[in-house]
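Enquirer: Please find the sequence and the predicted model below.
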Amino acid sequence: MATFEERVSPQTTRRRLVCGAGITMASLGVLPLLQACGDGKARVSDDGNRVIEMNDQMQFAPAHLTIRVGQTVTWRNAGAMVHTSTCDPASAQRREHAVFPDEAKPWDSGLIRKGESWSRSFDIPGEYTYFCIPHEAGGMIGSLSVEE
């Protein structure tokens with residue numbers, strides 16, 4: 001009688017391993033989380049804006065973005081839940097979730113629904129920390145570095 005190794009080619013074994021791992025990850029709900037992480041880079045919209053997606057995993061993707069002075073960032077809701085892009089200490093549960101340079105002004109996008117977007121230009125260099133009002137307590141916080 002032939003052994004398992006003699007009946008199955010190395011290629012078939014690898015295929016079974018990869019397929020099995022994929023099924024296991026999908027059954028654990030890991031694939032949607034991995035897809036939400038993306039590659040850590042913001043997309044660029046048709047009008048040249050950098051795009052940060054807001055998703056149902058309560059994340060800004062990417063969580064941190066570096067742009068140049070004068071660039072515009074567009075926050076796009078890629079999920080079903082409503083989100084905001086907010087950098088206003090008066091609306092924050094914790095002050096450190098709303099940080100911006102002294103010369104800059106706070107912002108609040110208002111509710112952004114599924115498929116909608118909101119944009120803001122950055123003319124003042126520095127570090128910005130912003131949050132989503134409905135999901136701040138859940139850790140939906142992002143940051144921007146605006147460089148000269």
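Expert: Nice, I can see it.

Enquirer: So this protein: which segments form each domain?
Expert: The chain is divided into the following domains under automatic domain parsing: 1-37, 40-147.

Enquirer: Compare the mean pLDDT across those and name the weakest.
Expert: Among these, domain 1-37 carries the lowest mean pLDDT, at a mean of 43.

Enquirer: OK, contacts around residue 122?
Expert: By C-beta atoms under 8 Å, 6 or more residues apart in numbering, the contact list for residue 122 reads 67, 69, 70, 71, 72, 73, 128, 144, 146. Placement of C-beta: from N, CA and C, glycine included.

Enquirer: Ok, residue 107 next?
Expert: 85, 86, 87, 88, 120, 130.

Enquirer: what's the closest of these to residue 97?
Expert: Top of the list for closeness to residue 97, among those and by C-beta to C-beta, is residue 130 at 7.6 Å.

Enquirer: neighbours around the closest one, how many?
Expert: Residues lying near residue 130 (other C-beta atoms under 10 Å) number 29.

Enquirer: now the contacts of residue 107: which count as buried?
Expert: 85, 86, 87, 88, 120, 130 (16 or more other C-beta atoms under 10 Å).

Enquirer: Can I get the helix or strand encompassing residue 73 in CSV, CA atoms only?
Expert: Using DSSP states H and E, residue 73 sits in strand 72-77. In CSV, the C-alpha atoms belonging to strand 72-77 read as follows (Å, rounded to 0.1, in the frame of the first residue of the first chain):
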residue,chain,number,x,y,z
THR,A,72,-6.2,68.1,0.6
VAL,A,73,-7.4,64.9,2.4
THR,A,74,-10.7,63.3,1.6
TRP,A,75,-12.3,61.0,4.2
ARG,A,76,-14.5,58.4,2.5
ASN,A,77,-17.0,56.2,4.3
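
Enquirer: That concludes my questions; thank you for your assistance.
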